[in-house]
Every structure is written in structure tokens, then in C-alpha cells.
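Asks: Okay, here's the prediction I keep looking at, along with the sequence it came from:
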Amino acid sequence: MSSASSSIVFNDIFTINNIDKDGKKFDRVSRLYARSRNYDMDMTLDYNTELFPVSKGGTIAMALASSLSRDSGQAGGGAEGADVEDKDVWRPDGKGRKGLEEDYDYVMYGKVYKFDGGNAETVTVYASFGGLLLSLTGFFRHMANIVLGDPIFILLRK
């Protein structure tokens, strides 16, 4: 399972401090505000309340990954091998190979679209998952593997 860590670019446990603090804007979407245990990161995330119901004070595990593949593709294939291994990792019909999504309750696919540097140490990363937004703020060194413009998966588990 150590090879799976190569596709995970960020991973921490978050405590939910608030939900919809500015009011609810959509029927099945809420915005949670959370603080991480290990890295002192602040996260704001839009999520589907029917698919992933959570409550204030609860904790969730959150990971950001560049791929759902458990195999890093480095065991002999190189970059070209990684492309082949990522093909059909997840499919809605369940016929694809099983990947990291099997370990989580809620997964979204999106793109990192912005980095904001508050100061030299602290940054905010923004990603969009089909219009559901994520902002993650904290020390740059904890987010060094997150790349602007790259596709990304967010994986959540209660």
C-alpha cells in the first residue's frame, strides 16, 4: 500500500467547525468549514449533502490525489506506464479496476485552478469539482505536491 502514497498529494483529518455559516444557497449542496489536526490547515469545501451528510463537530479524513490508481506506475513503466495503469481505474458501471476510491465514502474529480500566496509561508490552494469549490489554506510545505492546472481527486471519509 506504500505505492498508493505516491498519488496522494495531501492527506489529513479535519474537524468540521461550521456548515453554511453564510446561509444555505442550494438544496443539496452545503459548504463546510474545517480545521486539520496534523498540519493546522483551514478547509472550505462545497459538497453534496445527500451523498455525504456530515455535521458540525464531526471529523472527516480528506485526501487529495493526482490519480485513483493504487499503483504509482514507477515499478518499471515510467510515465507512459502510468498512463496505461490509470486507464479504467474507476468506471460508473463498476467494471474498472478498484483504486483509492474504495477506501473513501465520497470522491470528486476536478482541477486546481488557483494558488494565492498570503505570505512567503502560507498559501491557499483553490480547486473546482464541477462547480463545487475547495479552498485549502496553510503552510506551503504541506501542499508542495499540489500543482496549479493539474487534475485532482478529493477523497473524503467519515
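Replies: In hand now; what should we look at? Numbers count the residues shown, from 1 in each chain.
Asks: From Gly99, how far off is Phe10?
Replies: 17 Å (C-beta to C-beta, to the nearest Å). For glycine as for every other residue, the C-beta is placed from the backbone atoms N, C-alpha and C.
Asks: Asp22 too?
Replies: For Asp22, the distance to Gly99 (C-beta to C-beta) stands at 35 Å.
Asks: Have a look at these two and say which one is more surrounded.
Replies: More neighbours surround Gly99 than the other of Asp22 and Gly99, with 23 against 8 (other C-beta atoms under 10 Å).
Asks: Please identify the buried residues of the helix or strand encompassing Asn11?
Replies: Element membership of Asn11, judged by DSSP states H and E, is strand 8-19. Neighbour-count burial for strand 8-19, counted by 16 or more other C-beta atoms under 10 Å, picks out Ile8, Val9, Phe10, Asn11, Asp12, Phe14, Ile16, Ile19.
Asks: Please identify the one among those that lies nearest to Val125.
Replies: Phe10 (8.5 Å; C-beta to C-beta).
Asks: so what's the residue lying closest to that closest one once chain neighbours are set aside up against?
Replies: Excluding the flanking residues, the one nearest Phe10 by C-beta to C-beta, 6 or more residues apart in numbering is Leu64, at 4.2 Å. Neighbour list for Leu64: Ile8, Val9, Phe10, Asn11, Ala127, Leu136, Ile146, Ile152, Phe153, Ile154, Leu155 [criterion: C-beta atoms under 8 Å, 6 or more residues apart in numbering].
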